[in-house]
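Asks: Using only what follows, build the 3D model:
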Amino acid sequence: MWTRHPYNHAIVSEANAASVAWSGRGPSDFLPGELRSLEDLLTRADREVRLLGALTPREAYAERARLVGALGRRQPLVPRWTYEARSHADLRRSLECADRWLAHRADPLASTYQARLRELALEAAICEAAGTRALAALARSRFAGANPESEAAAAEACRRWLSEKGLEPSKRRILSDSPDALSLVSLIRAAVGAARLPFAVVPSSPLAALAATGDDVILVATGRLVLEEDARRTAIHEVEGHARPRHCARSAALAIFRVGTARGVDDQEGRAVLLEQRAGLLGTRRRRQLATRHWAVLAMGDGASFGDVARALVDDHGLEAPDAVVVAERVFRGSDGRAPGLGRERIYLDAFVRMQSWLALHPEDERVLASGQVGIDSVETLRPWTPHTPIALCETFNETLEPTRRP
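Replies: Presented below is the predicted three-dimensional model:
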C-alpha cells in the first residue's frame, strides 16, 4: 500500500468514502487489507533499521584495544571510527507516505502505530547520519527524556548512585565466552534452555555491551572478564527482560507487539533493570555503572569529547581504563568522538525510575509490558490485544542458575 511515492491519495479517498467510525474497538475498524499493509511496512522497517548495528564502528574491537592502551599511557584519545554507509531513502519515503495516511485517522490504535512509524523513520535517518555532524541533533530528538519528571528523577538517581562507595566483590572474573559453567555465555545458554526459548546464543567480538538481544538471537561479547554477579545479572536482563517478551510477542494478534511501540524499546530496558533489582542484583557496582553511563551522556551534551569523558571516568569516577573506554564508546557511538554521538545510554536510568514508579501504582500493567516491546504510554491502548504472558519470577530464574554454582 505504501510502496509508491508520492503519496497515494486514492487510499485517503477510499478511507473517507467508507466513513469508517473509529470507536476504539480494535483492528477490525481498519478497511480490509489496511492493517496488514501497515504491519508489513512496520515489520520491514523494524527489520531493516538496525540502529546499534549501523552505529557500531568498523573493527570496533581492535580500535577499543588501541584506545584502552592510549588511555593507560595518558596519550590523546581520538577514536579512528569509520562506519558502513547506509541508505534507507526508499523506506523513509514509504514511512512518510503511511504517516500522512494515518494522519486522517482519529483512533488510539492508529495513533500508536503512527508514533512507532515516526520513531522508525527517525531511527532510519540516524542510521544514515552515522559518522556525520547531522547525527547529534537527530539522536537528541530520539533519546530525550520521556518527560521532565523522569528526567529529574533519573538525574537525582545518577547523583546519588555516583556518590555510593562499595568494595569490589572478592570473586574471580571469568572470561565472558569461556566454556566455564559460570561464564556469561554459559549462564545465558542455561537460562534460555530452561525457559525453552527459541533463541540462539552467539559470541560476538564487536559488541560494546556485554550482551544484546535480537529477534531470535542473544549476542554475547567475547574476551571480556566478567564477575559472576555481573554474568548472572546480565543473564536475567537479556533472557527475562528482552528474550521472553520478544517470544511472547510472537503469539500476539497485532504486529505492534513485535515491532514495538514508540519508546517500547526504552521502557523495556527500564523493566529489565527492574528485574535485576527484584533478583537482588542491582548492587552498588551495577548502580554506579548505570550512573556513570548517564553522567557520560550528560557530559557529552555539555560539550565533552570522547577523550574528556573517558579520562574523567577514570580520574573522577574510579573506572578501570577498559571499562571507561567501553562506556565512552557506547555513549559516543555513531560519531567521530569529537561531536556528540547517539547518547542512548540515558534511557536506562530514565526508563528504570519511570517503570518503577508506574508499576508501583499499576502492577496489573506488567502483563501488557511483558508481552513485547511495549511502552508505558501504549499500555491502555494495547491491553485488549495482549496475549497471555507468563511474568518472570526472578527468584525462580535464580534457582534455574543455582545448579551451575560451585560448592
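
Asks: for the protein, longest helix please?
Replies: In the chain, taking DSSP state H as the definition, the longest helix is helix 108-128.

Asks: packing partners for that one?
Replies: With contacts defined as 3 or more C-beta pairs under 8 Å, 6 or more residues apart in numbering; DSSP states H and E, helix 108-128 has these neighbours: helix 34-48, helix 51-54, helix 89-102, helix 135-143, helix 256-259, helix 379-382. In short, each C-beta sits where N, CA and C put it, glycine included.

Asks: Nearest to S176 among those would be which one?
Replies: helix 51-54 (18.1 Å; C-beta to C-beta).

Asks: Just the CA trace of that closest one, in CSV.
Replies: Presented in CSV, the C-alpha positions along helix 51-54 are these (Å, rounded to 0.1, in the frame of the first residue of the first chain):
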residue,chain,number,x,y,z
LEU,A,51,20.3,1.4,14.9
LEU,A,52,23.1,-0.1,17.0
GLY,A,53,24.4,-2.2,14.2
ALA,A,54,24.6,0.8,11.9
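
Asks: Give me the buried stretch members for that helix, please.
Replies: Within helix 51-54, the residues that qualify as buried are 51-52, 54, counting by 16 or more other C-beta atoms under 10 Å.

Asks: average pLDDT across that helix?
Replies: Throughout helix 51-54, pLDDT has a mean value of 92.

Asks: Tell me the gap between it and the middle of its chain.
Replies: 11 Å (C-alpha atoms, centre = their mean, to the nearest Å).

Asks: That one - contacts with which helices or strands?
Replies: Judged by 3+ C-beta pairs under 8 Å, 6+ apart, helix 51-54 is in contact with helix 108-128.

Asks: which of the residues in the helix it packs on are buried?
Replies: With burial defined by 16+ other C-beta under 10 Å, the residues of helix 108-128 counted as buried are 109-128.

Asks: And what about A155, helix, strand or coil?
Replies: The assignment at A155 comes out as helix when based on DSSP: H, G, I helix; E, B strand; the rest coil.

Asks: Spell out which residues sit in contact with the nearest residue to S87 once chain neighbours are set aside, please.
Replies: Of all residues not flanking S87 in the chain, E128 sits nearest, at 6.3 Å (C-beta to C-beta, 6 or more residues apart in numbering). By C-beta atoms under 8 Å, 6 or more residues apart in numbering, the contact list for E128 reads 86-88.

Asks: Just give me the closest of these to L319.
Replies: Proximity of these to L319 (C-beta to C-beta) peaks at R86, which lies at 31.6 Å.

Asks: and the closest one, what element?
Replies: Following DSSP states H and E, there is no helix or strand that holds R86.

Asks: cool, I218 as well?
Replies: If you go by DSSP H and E, I218 is part of strand 217-221.

Asks: Same question for I174.
Replies: Using DSSP H and E, the element containing I174 is strand 173-175.

Asks: and that strand, what other elements does it pack with?
Replies: Secondary-structure packing of strand 173-175 (3+ C-beta pairs under 8 Å, 6+ apart): strand 225-227.

Asks: For T234, give its distance to D215.
Replies: Going from T234 to D215 by C-beta to C-beta, to the nearest Å gives 19 Å.

Asks: who's more crowded, those two?
Replies: A side-by-side neighbour count of T234 and D215, using other C-beta atoms under 10 Å, places T234 first with 26 against 13.

Asks: for the more buried one, what are its contacts?
Replies: The contact partners of T234, by C-beta under 8 Å, 6+ apart, come to 184, 187-188, 210-211, 226.
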